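Trainee: Here is my input, please return the structure:
(chains A and B)
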Protein chains: 2
Amino acid sequence: MGATKAGRERATIIDVARAAGVSRQTVSNVLNRPEIVASATRARVEDEIARLGFAPHVAAQQLRRRRASAYGFEVNPSGVGRMGHVLDGFLVELTTTAPGHQSHLVTFAADHDDVLAGYRHLLGTGLVDGFVLGDTRHGDPRPAWLLEAGVPFVAFGRIWDSPELDRWVDVDGRAGMRMAVEHLLAEGYGTVGFLGWPQGSPVGDDRRQGWLDGLARSGLADPALVEESVQDLDRATYAADRLLQRMGGSGAILCVSDMLALGAVRAVRAAGLQPGADIGVVGMDDSDIAEALALSSLRQPLREASLAAWRILQGAAQGGQPALLAPTLIIRNSSIRSQEKE
Amino acid sequence: MGATKAGRERATIIDVARAAGVSRQTVSNVLNRPEIVASATRARVEDEIARLGFAPHVAAQQLRRRRASAYGFEVNPSGVGRMGHVLDGFLVELTTTAPGHQSHLVTFAADHDDVLAGYRHLLGTGLVDGFVLGDTRHGDPRPAWLLEAGVPFVAFGRIWDSPELDRWVDVDGRAGMRMAVEHLLAEGYGTVGFLGWPQGSPVGDDRRQGWLDGLARSGLADPALVEESVQDLDRATYAADRLLQRMGGSGAILCVSDMLALGAVRAVRAAGLQPGADIGVVGMDDSDIAEALALSSLRQPLREASLAAWRILQGAAQGGQPALLAPTLIIRNSSIRSQEKE
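Mentor: Next comes the predicted model:
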């Protein structure tokens, strides 16, 4: 407060330049654009800055002062067999669609004991201006907390418990499932069963509703033609086998994810039937698995979702405009009845 | 320089606190730990900071001053069918193994016209202290440039053109391929052909050498038993079919990647043969594809690689210790001759 000339004179940028044998511009470059200064020069200047105590407070701030926006993005260990990688793909698209190369994503690890801890911590580092939330769910404390703290954010996934919060972008799984049912019935599969996640997950329940919508439109609705499995290949295979038996070995199986669809493909083959020609199978996420197995699947438009997310973040002050995007049905052999054999 | 009392008195933190009706601590919190201040209060304080012109320079710096390390990580659009996602997986592992939650990754998009442009730009934003390089290759200008600029970095992948640069961690694909050959010969496949990438990629050439090493140890070396394909499923299938014909419908096909191994599986099936029982197939990366198709594959130890990368970054001043890690062979049905049918 009110700096005086008491004590030793404060070192200036000129003192540092003289001591390091460089120009004042070079010292400024070391502070502001260190990347353009040769390493040896940079080290010498930084040494003199430290030795002379040149406005060390301000200098340190200069060195680590952000000149671009950045948003935190929580990641989870992938683990083998997670399959899908939708959030990984979304992070890549967010990065490549960042406006003007002046916005970046900062990854941080989930804290499973305290979901907000990682967010609180990252804000405290000064690294980010806000967050991109993935994997929204019932009872998610993050949106309200960020709103209260005045921290900008956008969610990839609806904010299910707070419909009034409109800072999200999502893919309309319900519409996608409806589209898939219509495709399967048009292909001539007599009925469509559903292989879904256990009830209670907002995304899974929404997709299941799309299956029911599709059947209802055709007057075929049979809400009992459903089996459940968690996201696990062996369990999905067992569940698909049960469903297949109840369907009497004909019809199609619409699956909430590619992982479950892979289980369905296995169950169909184990029953001596062929996916597509005998039993239709459709998954969701259009993962590598889907392409590898010629599995029809609903593709999430991750690039469009990323662009919408940036628009919401940039217009956050005026309130975002939520975006519900349609997935695309990628039709492959697993849902074509009359197919040419390779 | 040498601030005087000329002109209007400079506003102090006390003036801001009084005008906003909050304590001095609250103003300090808004500047340094904004996440703990209620949004309405924060907005009021920020308004007063702006209105009174309170050390706006320093205040702005405080708001965006980094208090954690961060490293840039270049990402490429994933695209459908890229398969593998090894770099995505590495980014996730780097994030979850970051030491003390005080280091983060900042993603940025590749610039294909000027490979250094993205790096130069990100340094200029003040967002990062250094970089983690992926996808090292021949003629890669990044390591030398970063070294010259004095910017800390670690590479995931050897710095092929500059063996003296030891700031890298890599997976020993050559040793992995040798191990796979030994496994295939021990399983009783009479010979092992190689489905590789076109010559000239350091990673692909290294893996091919491992195949030759493995054959040489058994006195079986037949360097002619090789076909090449780029990372494309259809081309891989054609190349595998050619190799299969030359092998006379017996033996095993060792593949440089899971994508090429998927092509091999297709070619084997199209020939009316069964992967594993008739023709052994082994890939590399242990991708979702491998698990879905019961394909044997070499798994890269991404978690260990991440831990090694952080050790190198943290010890960068003393020179890192390069780490060449062994992959693990995950054996599934595609390389077991006498298998139980499911």
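
Trainee: Could you use CA atoms for every contact and neighbour count after this?
Mentor: Noted.

Trainee: which residues in chain A form strands?
Mentor: Listed in chain order, the strands of chain A (DSSP state E) span residues A:69-75, A:103-109, A:130-133, A:153-156, A:168-171, A:192-196, A:226-228, A:252-255, A:280-284, A:296-299, A:323-325, A:328-330.

Trainee: do you know which of the ones you listed lies nearest B:Gly248?
Mentor: strand A:296-299 (34.4 Å; Cα to Cα).

Trainee: wait, A:Cys282 sits on A:Ser335?
Mentor: Cys isn't right for residue A:282; it's Val. Yes: at 6.5 Å, A:Val282 counts as touching A:Ser335 under the criterion of Cα atoms under 8 Å.

Trainee: Which of the two has more residues huddled nearby?
Mentor: Using other Cα atoms under 10 Å in any protein chain shown, the more surrounded residue of A:Val282 and A:Ser335 is A:Val282, with 37 against 30.

Trainee: and of the strands of chain A, who's closest to chain B?
Mentor: The closest of the strands of chain A to chain B is strand A:103-109. By Cα to the nearest Cα, the value is 4.5 Å.

Trainee: I'd say A:Arg178 and A:Gly214 touch.
Mentor: Yes: judged on Cα under 8 Å, A:Arg178 makes contact with A:Gly214 at a distance of 4.4 Å.

Trainee: Between those two, which is the more surrounded one?
Mentor: Each of A:Arg178 and A:Gly214 has its neighbours counted (other Cα under 10 Å); A:Gly214 has more, 25 against 21.

Trainee: Let me have the strands of chain A in a markdown table, adding distance to A:Tyr238 and mean pLDDT as columns.
Mentor: Output for the strands of chain A, formatted as a markdown table (distance: least, Cα to Cα, whole Å; pLDDT from 0 to 100):
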| stretch | distance to A:Tyr238 | mean pLDDT |
| --- | --- | --- |
| strand A:69-75 | 30 | 93 |
| strand A:103-109 | 33 | 92 |
| strand A:130-133 | 33 | 95 |
| strand A:153-156 | 31 | 94 |
| strand A:168-171 | 29 | 95 |
| strand A:192-196 | 11 | 97 |
| strand A:226-228 | 10 | 95 |
| strand A:252-255 | 13 | 98 |
| strand A:280-284 | 15 | 97 |
| strand A:296-299 | 21 | 97 |
| strand A:323-325 | 33 | 92 |
| strand A:328-330 | 26 | 97 |
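
Trainee: Among the ones you listed, which comes closest to B:His121?
Mentor: Closest among the strands of chain A, using Cα to Cα: strand A:103-109, at 11.4 Å.

Trainee: so A:Thr125 touches B:Ser103, yeah?
Mentor: No: the pair A:Thr125 / B:Ser103 is not scored as a contact, 9.6 Å apart, by Cα under 8 Å.

Trainee: thinking again about what came up before, would you convert the strands of chain A into TSV that also reports distance to B:Ala68?
Mentor: Output for the strands of chain A, formatted as TSV (distance: least, Cα to Cα, whole Å):
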stretch	distance to B:Ala68
strand A:69-75	13
strand A:103-109	12
strand A:130-133	16
strand A:153-156	21
strand A:168-171	29
strand A:192-196	42
strand A:226-228	44
strand A:252-255	43
strand A:280-284	39
strand A:296-299	37
strand A:323-325	34
strand A:328-330	41
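
Trainee: Include distance to chain B when you put those into CSV, please.
Mentor: Formatted as CSV, these follow (distance: least, Cα to the nearest Cα, whole Å):
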stretch, distance to chain B
strand A:69-75, 6
strand A:103-109, 4
strand A:130-133, 10
strand A:153-156, 13
strand A:168-171, 18
strand A:192-196, 18
strand A:226-228, 20
strand A:252-255, 16
strand A:280-284, 14
strand A:296-299, 10
strand A:323-325, 19
strand A:328-330, 12
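
Trainee: quick one: low-confidence parts of chain A?
Mentor: A:1-10, A:32-33, A:35, A:55-64, A:78-85, A:101, A:221, A:316-320, A:339-342 (pLDDT under 70).

Trainee: for it, longest helix please?
Mentor: If you go by DSSP state H, chain A has its longest helix at helix A:202-217.

Trainee: just to revisit the earlier point, neighbour count winner among A:Thr125 and B:Ser103?
Mentor: Comparing A:Thr125 with B:Ser103 by other Cα under 10 Å, the one with more neighbours is B:Ser103, at 23 against 18.

Trainee: For the more buried one, which residues are in contact?
Mentor: By Cα atoms under 8 Å, 6 or more residues apart in numbering or on different chains, the contact set of B:Ser103 is B:Ala68, B:Ser69, B:Ala70, B:Tyr71.

Trainee: which two in the residues you listed are spaced the farthest apart?
Mentor: By the measure Cα to Cα, B:Ala68 and B:Tyr71 form the most distant pair in these, at 10.2 Å.

Trainee: These two: which is more packed in?
Mentor: The neighbour comparison of B:Ala68 against B:Tyr71 (other Cα under 10 Å) goes to B:Tyr71, with 23 against 18.

Trainee: which residues touch the more buried one?
Mentor: Counting by Cα under 8 Å, 6+ apart, B:Tyr71 touches B:Ser103, B:His104, B:Leu105, B:Val106, B:Val128, B:Asp129, B:Gly130, B:Phe131, B:Val132.

Trainee: 7 Å - rerun?
Mentor: Counting by Cα atoms under 7 Å, 6 or more residues apart in numbering or on different chains, B:Tyr71 makes contact with B:His104, B:Leu105, B:Val106, B:Val128, B:Asp129, B:Gly130, B:Phe131, B:Val132.

Trainee: Kindly report the same for A:Arg67.
Mentor: Neighbouring residues of A:Arg67 by Cα under 7 Å, 6+ apart: B:Thr125, B:Gly126.
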